[in-house]
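[1] The sequence isn't on hand, but the structure is:
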Ligand SMILES: Nc1ncnc2c1ncn2[C@@H]1O[C@H](COP(=O)(O)OP(=O)(O)OP(=O)(O)O)[C@@H](O)[C@H]1O
Ligand SMILES: [Mg+2]
């Protein structure tokens, strides 16, 4: 029961966050109840008609037929209108959840989001949101059905209290079955979603690594893995449906037995003159509805369990939103240019327990280029990841203008620090957007940097020049061109700190020269950290730092302190 209560609270908390139009929901719910109540009068009218036939009262038959017809027309019109509203609202709720989830994922600190399976994130946005929005209406239906169950019960008591008593004996039995099977379905559902997440990750990775699969001709192996994944998922699904099916059969048998007992009792009451034939028919109809809701509950049980799992997953993502928003930097510091970065006793151990840094100290100052060198795996990328807040698991201090890095919000830091990572990525959007990333950057600035990076000529010869969409009609850039686009992306934002990770690995000598000249220029007013294996020839003095033995050391102990 605790689980149900927890889900209930989570459901309402998430609903509150989602900004769902409450008035529309109330309207739909009221119409659903109205139309249901109307349809509940049917058995009573029908019972009266049978009694009219028995007593040969033409008037009773006529009036009850008329009432039935009127009720039918009104409830059909109400249902039609309501269904239309439900469809509209359910789409908007689904969109709302998807948007909230996508936004929460984007807002989540990278250090957290990169640990989550990509497949799970896709499933969170796609399937969990759909399941979540559908339960909103299933829950409304459940409210309506419960009301109709209570009304049926009132009619049943009104017709025959003894028969009602026999009918409701089933309730505790069905309820126990419902709770027990719910637990089983839920555990299967958790296993199923885990499998589905890893299947989505498998698909995601297969498509990203398609080139390697083809080059090494391992398509068959991948196909086998695909087949195994799909079969495992199907098996889990079948197990889940089996539990559901067995529950339905058990509830069906219990209901059938009670039904027969009821009929025998009803016949006895009719023979004793304590019940009319018409009212027995009406009672039967009401008790069918009453039991129908119990059956519906058992069918819904699987869905409710599925939702409960989705709900937690959605809740986990939506709730984590706040983690990335710690901000203590005072307003003055927000607008100050970064003059120095002081690293004191920095230690960093990866999730897989690899100790990358141990008690290392180094300072970086404005107007300098720092060349970060070190063997592969020594920690160059890790240092840049920490400084850009992509990784936040470290001990020691990193002071930016004297304020701890952890106190800077991601938003504040991103405006001051540009990072060109080792893996270069272009989105399927226009070249201009690929450089601006929808930030407020004048086209002139984009053109200027592209001219300096030897990209302008290439771009203006494309069909839509800077508005040409990448990957559209097979358009893509070469490795070195992509690297230069990513470099341009960092330059146009004009930050205080530049973090460059192996940005010239795919660039030819002539273009490297251009990149180095730009780096020299920007370093006049910024801190530049350049991780590389190359021996660059700069025209300005630079400071070499080596990363080894879990430390970052510089060849100058007291660095040029230009403050
Ligand atoms: N996402 C990660 N999760 C766990 N461990 C990681 C992760 N990224 C890097 N590491 C580990 O951290 C250590 C430092 O890696 P890092 O990428 O910083 O090295 P690097 O100096 O940039 O190497 P390279 O010159 O090859 O780019 C390595 O031992 C690596 O295995
Ligand atoms: Mg690296």
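    Looks like it came in fine. Nothing here was measured: the structure is a model prediction, and the numbers come from that model. Ligands and ions are numbered 1, 2, ... in the order given.
[2] So what touches stretch 210-218?
    Outside of stretch 210-218, the residues within contact range by C-beta atoms under 8 Å, 6 or more residues apart in numbering are 206, 219, 222. For the C-beta atoms, the positions are set from N, CA and C on the backbone; glycine is no exception.
[3] sorry, that was for stretch 264-282
    43-44, 46-52, 54, 155, 159-160, 162-163, 166, 283-284.
[4] Next: stretch 85-93.
    Under C-beta under 8 Å, 6+ apart, the answer for stretch 85-93 is 18, 20-21, 24-25, 27-28, 31, 133-134, 136-137.
[5] Please repeat the previous calculation with a cut-off of 7 Å.
    20, 24, 28, 133, 136-137 (C-beta atoms under 7 Å, 6 or more residues apart in numbering).
[6] What is the burial count for the residue in the chain positioned nearest to ligand 2?
    Ligand 2 sits closest to residue 381 of the chain, with a gap of 3.2 Å, by C-beta to the ion. Neighbour count for residue 381, taken as other C-beta atoms under 10 Å: 22.
[7] Same check on residue 56?
    8.
[8] Give the helix, strand or coil label for residue 422.
    coil (DSSP: H, G, I helix; E, B strand; the rest coil).
[9] give me phi/psi at it?
    phi -70, psi -30 (degrees, to the nearest 10).
[10] I figured it hits residue 501, correct?
    Yes. Between residue 422 and residue 501 a contact is recorded at 4.4 Å, counting by C-beta atoms under 7 Å.
[11] Compare these two (neighbour count), which wins?
    residue 501 (22 against 14).
[12] Next to ligand 2, which bits of the stretch 351-500 of the chain? Give me the list.
    380-381, 422 (C-beta under 5 Å from the ion).
[13] now these in CSV, with distance to ligand 1 and pLDDT?
    Below are those laid out as CSV (distance: C-beta to the nearest ligand atom, whole Å; pLDDT from 0 to 100):
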residue, distance to ligand 1, pLDDT
380, 4, 94
381, 3, 94
422, 6, 86
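[14] Give me the below-cutoff pLDDT ranges for the protein.
    1-8, 10-15, 17-19, 294-295, 297-302, 318-335, 472-475, 556-563 (pLDDT under 70).
[15] which residues touch residue 75?
    For residue 75, the contact set (C-beta under 7 Å, 6+ apart) comprises 35, 38-39.
[16] switch the cut-off to 8 Å
    34-36, 38-39 are the contacts of residue 75 under C-beta under 8 Å, 6+ apart.
[17] cool, and residue 167?
    156, 258, 262, 287, 290-291.
[18] So which of the residues you listed are in helices?
    Residues of the contacts of residue 167 located in helices (DSSP state H): 156, 258, 262, 287, 290-291.
[19] what two of these have the greatest distance between them?
    156 and 258 (12.9 Å; C-beta to C-beta).
[20] The two: which is more packed in?
    Applying other C-beta under 10 Å to residue 156 and residue 258 shows that residue 156 carries more neighbours, namely 23 against 19.
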